[in-house]
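*Asks:* Build me a model from this:
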Amino acid sequence: MSSFVRRLAGIPWRSIAGDALSRVFLVAQAYRAVHVVDQHLCSLAVGQGPSMLPAMNLAGDVVAVDRVSVRLGRVAPDDVVLMISPEDPRKSIAKRVVGMQGDSVTYLVDPGNSDASKTVVVPQGHVWVQGDNPYASRDSRQFGAVPYGLITGKIFCREADAISGANILLYGSISWDTSN
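*Replies:* A predicted model of the protein is given here:
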């Protein structure tokens, strides 16, 4: 038997495989914990677009999103929410809640060109959302009331200009406006 084969036979393969397997399980458990926190408790996201000016910047704002409040029904008018876009389900958008189910909402139809307004009653199980910048926002004025089930979280904290380049990795990216 050659010396190479003897050296291979002397390596504790079972111990090495056991250690590797336990580390793989540890990484899987950590990933699972991060996923549960991100999807069900709170998460971070980066936003961009003119829709929420002046409350939020065009780009670079990092926001903290509370995902529990939505499940508990603790969303109210004036809250800024993160939601799935009703126009493109692959996008997440941030908008301010203006009215809840049963509320009457009066809004300017075309704020850039006229003072014409319209009043609607928000249907059961829906919310009315609008961007803070009425001149550059696609919101309920265009796509109507949004089902409450599309809301994925409530934004509770914002850090302006938290990113100075692409050197930070976060879980999601949101658009203040669906036109971006």
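*Asks:* Using CSV, list the CA coordinates for the longest helix along the chain.
*Replies:* Secondary structure of the chain per DSSP state H: the longest helix is helix 13-36. Taking only C-alpha atoms (Å, rounded to 0.1, in the frame of the first residue of the first chain), the coordinates of helix 13-36 have been written out as CSV:
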residue,chain,number,x,y,z
TRP,A,13,-13.7,11.5,7.3
ARG,A,14,-16.7,10.8,9.5
SER,A,15,-15.8,13.6,11.9
ILE,A,16,-15.2,16.0,9.1
ALA,A,17,-18.5,15.2,7.4
GLY,A,18,-20.3,15.4,10.7
ASP,A,19,-18.9,18.9,11.4
ALA,A,20,-19.7,20.1,7.9
LEU,A,21,-23.3,18.8,8.1
SER,A,22,-23.8,20.5,11.5
ARG,A,23,-22.5,23.8,10.1
VAL,A,24,-24.9,23.5,7.1
PHE,A,25,-27.8,23.0,9.5
LEU,A,26,-26.7,26.0,11.5
VAL,A,27,-26.6,28.2,8.4
ALA,A,28,-30.0,26.9,7.4
GLN,A,29,-31.5,27.7,10.8
ALA,A,30,-30.0,31.2,10.7
TYR,A,31,-31.4,31.8,7.2
ARG,A,32,-34.8,30.6,8.4
ALA,A,33,-34.8,32.9,11.4
VAL,A,34,-33.8,35.9,9.2
HIS,A,35,-36.6,35.0,6.7
VAL,A,36,-39.3,34.8,9.4
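*Asks:* by contact count, what packs against the next helix or strand after it?
*Replies:* Of the helices and strands lying after helix 13-36 in sequence (DSSP states H and E), the nearest is strand 42-48. Other elements packing on strand 42-48 under the criterion 3 or more Cβ pairs under 8 Å, 6 or more residues apart in numbering; DSSP states H and E are strand 59-66, strand 172-175. In short, each C-beta sits where N, CA and C put it, glycine included.
*Asks:* related to what we said a few turns ago, tilt between the longest helix of the chain and strand 42-48?
*Replies:* Put simply, helix 13-36 runs at 70 degrees to strand 42-48, going by axes from the mean of the first three to the mean of the last three Cα atoms, to 10 degrees.
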